[in-house]
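In: The following comprises the amino acid sequence and a computationally predicted model.
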Amino acid sequence: MQFLFMAVGILSILLALLAEWLGIDNNAVWGTGRILLLFFGIFLLGFAVLLHFWKSGRISNKIKHQITDLCQKIQTALSLFFHGLTAWQPLSWIISILIIILISIYAIWYTSLGSFTNFSPVTNTYVDLGDAFLHGQLALLQKPDPRLLALPNPYINSEQRKSIPFIWDSSLYKGKFYEYWGPAPALVFALTEWIFQARPPDQLLVLMCYIGLAIILLALLIQIRKRYFPEAPAISIPIFILTASINIPYLFILGRPQIYETSIIAGQFFLILGFFAWFRYHISTNSHWLILAGFSWGLAIASRYNLAVSVAVFSIFTIFSIYQSKKMGGDFRSDKKFFSYLHFKDKFKEIASLVIPLASCGIALAIYNYARFDNPLETGQTYQLTLYEPLNLYYSLSYLPSNLFVYLAYPVKASGAFPFFKSLSIQYDLLPGWAARSPGKMFDQVFFGLFSSQPIFWTLALQLPQLIVGLANIRKKKPSTEKVDATQQPSLLIGMLLVASLMQFIYLVVYYYAAMRYIVDFFIPLLLIAYITIWTFDKQIQHMRIIRFSFWILIIGLAIVTFGIGFFAGFDIPPQYLRLGNPQLFGSLYSFWNHQYNQIIALIGVPAAFAGTLARITARVIGKFSR
């Protein structure tokens, strides 16, 4: 173990000293990131030396006994502490529910620009599509300009339609405007308008799905902890809920509740609802949950078509797991009866419970597309009017390097004034040479890299030592002939989430257009992997109380930074509805938070410049080492 600490320590020191020579820091002046990296390496190296002296007997027995006695007392105290955290399960549920209530209040306040009751229009054409459904038509009610219809080919040469008004992000087909987004959110708006006999707010579905996702995640995390990690601190659940809700990607969606964001978050709501239903089936073997899973995953595709990638992965894993055992919670069998007609019939019924509602949604979408475009597979993308010039390549491996950098490591711009984290238009000079923009590649105006703005994802690095330990255990132990109940291990759960998030991410990084909002497509599955990784690591170190305590202090710190960056950056999200729609409220927030910031600076007695630097640690460390 001391060798590992020593190797990591030396590597950190070398990276800090040779950063400029290696090309990972182009600034000759040492920044905070390199200083912290140097101190981190020195700390690990010193700890490795002390550990070596301890094991080699170079420390006197008297000092060893004193240190051992102190460690025993600390271990006892921490044991009682963690026992209390584990036993506080009902209290953690109450705290989680309170957090969800506070998040809901905040979301309503945020999207209503502080009024709670009045929601300003933000041009969400999903509401218009719902209105069209109520009028018995699939096309939008607005008629195209005759000049647009007079063009021989309106889809090419954008110069010819520059002076002609048309609905942005719409499709034109046979003289009518259509939406090429999934229709499920429009059905919700249509139902709402039919019930209340009034046009619903543009922000309604984004709000509903945002709050609904927090509730589903709470239920899912409680079930996962109960099944696999009953000794994990229960207080971790409200911490996880907070970081899953208050973060840059989801506040980016909440702050821009237009058609793009509505489609994305509605798709995530149904995707995670279906995953929760699958997990309930996984632990209860009640096939009724599979019906909900299939229907939810079908609606996820009907909200956002590219979620077919995640749905396909989840469905394949589910069908394979059903095929592998008669019941997910039952025993594995190897006798001939396993292949009997009755067992096959049971399996077929369970698979049908998932596939029939999922296929029904797919058939409904095919009919919907055929009714609009005379082609069951045409969503309207071919006839869209958004692009100034048609692309020859929507997907290409040449887009991969720049997409990898912006999605994972594009730096966060911090400042010493509210909102402290600025949403600046993407700067191509920040892209390293290997990630230069390729021809045809387009970016949305604002980006925050996942690892630079979401430190909670740093915990994914813990998967590496867990993999090494797992491989070492396999080498040491002989293969066991004893069958293991799959429901007692989270491997299937991790496998589904990992493959789904990875495939969804690959889909995005080869796409010609990169946008901050697209991160949401794989955010929750990847975040669930991070949470499971944290709980798994906690399970492995639960008898090492001091290390465990330090580990949870680190996790809480990462969660606070993730929450803080998301909370403040949310006030600068384009098109900055709060700043423009309620300048008085924004001014009050500006004065309040700047005053608090200056008070903290005065209290801790450090210059404002240094405090501003601390706020940029996350972005600078990750950003530098990714370039």
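Out: Looks like it came in fine.

In: While we're on Phe3, how confident is the model there?
Out: Looking at Phe3, its pLDDT is 65.

In: Sorry, slip of the keys, the one I care about is Ile541.
Out: Looking at Ile541, its pLDDT reads 82.

In: Out of the helices and strands in this structure, which is least certain?
Out: Within the chain, no helix or strand scores below helix 617-625, which has a mean of 44 by mean pLDDT, DSSP states H and E.

In: Give the buried residues for stretch 568-579.
Out: For stretch 568-579, a neighbour-count test (16 or more other CB atoms under 10 Å) marks 568-574, 577-579 as buried. To be clear about C-beta, it is placed using only N, CA and C from the backbone, and glycine gets the same treatment.

In: Next: stretch 10-17.
Out: 12-13, 15-16.

In: and the most centrally placed residue in the chain, helix, strand or coil?
Out: In the chain, the residue lying closest to the centroid (CA atoms, centre = their mean) is Phe523, at 1.7 Å. Secondary structure assignment for Phe523 (DSSP: H, G, I helix; E, B strand; the rest coil): helix.

In: OK, contacts around the closest residue to it other than its chain neighbours?
Out: Closest residue to Phe523 apart from its sequence neighbours, by CB to CB, 6 or more residues apart in numbering: Pro249 at 5.2 Å. Applying CB atoms under 8 Å, 6 or more residues apart in numbering, we find Pro249 in contact with 450, 454, 516-517, 519-520, 523.

In: measure Pro249 to Phe448 for me?
Out: Computed as CB to CB, to the nearest Å, the Pro249 to Phe448 distance reads 8 Å.

In: any residues in contact with both of these two?
Out: Counting by CB under 8 Å, 6+ apart, the residues touching both Pro249 and Phe448 are Met516.

In: In helices only, show me the contacts of Pro249.
Out: Of the contacts of Pro249, the ones assigned to helices by DSSP state H are 450, 520, 523.

In: phi, psi of the nearest residue to the first one once chain neighbours are set aside?
Out: It refers to Leu450. Spatial nearest neighbour of Leu450, excluding adjacent residues (CB to CB, 6+ apart): Leu408 at 5.2 Å. Note on Leu408: its backbone torsions stand at phi -100, psi -30 [degrees, to the nearest 10].

In: Give the other helices and strands that the helix of greatest length in the chain contacts.
Out: Counting by DSSP H, the longest helix found in the chain is helix 341-373. On a contact count with 3 or more CB pairs under 8 Å, 6 or more residues apart in numbering; DSSP states H and E, helix 341-373 meets helix 288-303, helix 308-324.

In: hey, which of these is tucked in deepest?
Out: helix 288-303 (a mean of 24; mean count of other CB atoms under 10 Å).

In: Now tell me what touches that helix from outside.
Out: Counting by CB under 8 Å, 6+ apart, 182-185, 263, 266-271, 273-275, 277-278, 280-281, 307-308, 310-311, 314-315, 318, 350, 353-362, 364-365 sit against helix 288-303.

In: quick one: that helix to helix 341-373, angle?
Out: Here helix 288-303 runs at 20 degrees with respect to helix 341-373, directions being taken by axes from the mean of the first three to the mean of the last three CA atoms, to 10 degrees.

In: average pLDDT for helix 288-303?
Out: Helix 288-303 comes out at a mean pLDDT of 96.

In: That one vs helix 308-324, what angle?
Out: Angle between the axes of helix 288-303 and helix 308-324 is 160 degrees (criterion: the same axes, to 10 degrees).

In: if we take the ones in helices among the contacts of Pro249, which one ends up nearest to Phe549?
Out: Checking these against Phe549 by CB to CB gives Leu450 as the nearest, at 28.1 Å.

In: which residues touch that closest one?
Out: Contact analysis of Leu450 by CB under 8 Å, 6+ apart lists 249, 407-409, 457, 519.

In: what about the strands in this protein?
Out: Ranges of strands in the chain, per DSSP state E, are 171-173, 176-178, 413-414, 421-422, 442-443, 513-514.

In: Which residues does the last one contact?
Out: Just to be clear, that refers to strand 513-514. Contact partners of strand 513-514, identified using CB under 8 Å, 6+ apart, comprise 399, 402-403, 406-407, 441-444, 447, 508.

In: Tell me the buried residues in stretch 366-384?
Out: Buried, per 16+ other CB under 10 Å, within stretch 366-384: 368-369, 372-373, 378-380, 383-384.

In: Show the average pLDDT along stretch 199-214.
Out: 94.

In: now do stretch 179-186
Out: 94.

In: First-to-last residue distance for that stretch?
Out: 10 Å (CA to CA, to the nearest Å).

In: give the contact list for Leu242.
Out: 99, 103, 559, 563.

In: An error on my part: the question was meant for Val8.
Out: Val8 makes contacts with 41, 44, as judged by CB under 8 Å, 6+ apart.

In: Look up how far Gly41 lies from it.
Out: Taking CB to CB as the measure, Val8 falls 8 Å from Gly41.

In: same deal with Phe568?
Out: From Phe568 to Gly41 the distance is 31 Å (CB to CB).

In: likewise Thr262?
Out: Thr262 sits 47 Å away from Gly41, taking CB to CB as the criterion.

In: Give me the more crowded residue out of those two.
Out: Thr262 (30 against 20; other CB atoms under 10 Å).

In: Just list the residues touching the more buried one, thanks.
Out: 124, 126, 185, 205-206.

In: now do Pro144
Out: Going by CB under 8 Å, 6+ apart, the list of residues near Pro144 reads 166, 172, 175-177.

In: Can you say which of those are buried?
Out: 166, 172, 176-177.

In: Let's have those in a markdown table, adding distance to Phe196.
Out: Output for those, formatted as a markdown table (distance: CB to CB, whole Å):
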| residue | distance to Phe196 |
| --- | --- |
| Phe166 | 30 |
| Leu172 | 31 |
| Lys176 | 27 |
| Phe177 | 25 |
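
In: Widest-spaced pair of the residues you listed?
Out: Phe166 and Lys176 (11.9 Å).

In: Any regions of this protein where pLDDT drops low?
Out: 1-5, 19-34, 36, 53-64, 66-88, 157, 325-346, 388-392, 465-488, 603-627 (pLDDT under 70).

In: change it to 50
Out: Applying pLDDT under 50 to the chain flags the ranges 327-339, 341, 478-487, 608-627.

In: for Asp131, what are its contacts?
Out: 141, 189-190, 193, 199.

In: And those, which is closest to Asp538?
Out: Proximity of those to Asp538 (CB to CB) peaks at Phe189, which lies at 43.0 Å.

In: so the closest one sits right up against Val127, yeah?
Out: Yes: applying CB atoms under 8 Å as the test, Phe189 and Val127 come out as touching, 5.0 Å apart.

In: got any residues that touch both of the two?
Out: With CB under 8 Å, 6+ apart as the test, Phe189 and Val127 both reach Pro200.

In: show me the residues around Asp521 that make contact.
Out: Neighbours of Asp521 in contact, by CB under 8 Å, 6+ apart: 264, 267-268, 304, 306-307, 310, 504, 508.

In: thought Asp202 was touching Ile259?
Out: No: using CB under 8 Å as the test, Asp202 is too far from Ile259 to be in contact (9.1 Å).

In: Distance check, Gly294 against Phe43.
Out: In terms of CB to CB, Gly294 sits 52 Å off from Phe43.

In: Same question for Lys176.
Out: From Lys176 across to Phe43, the span is 66 Å (CB to CB).
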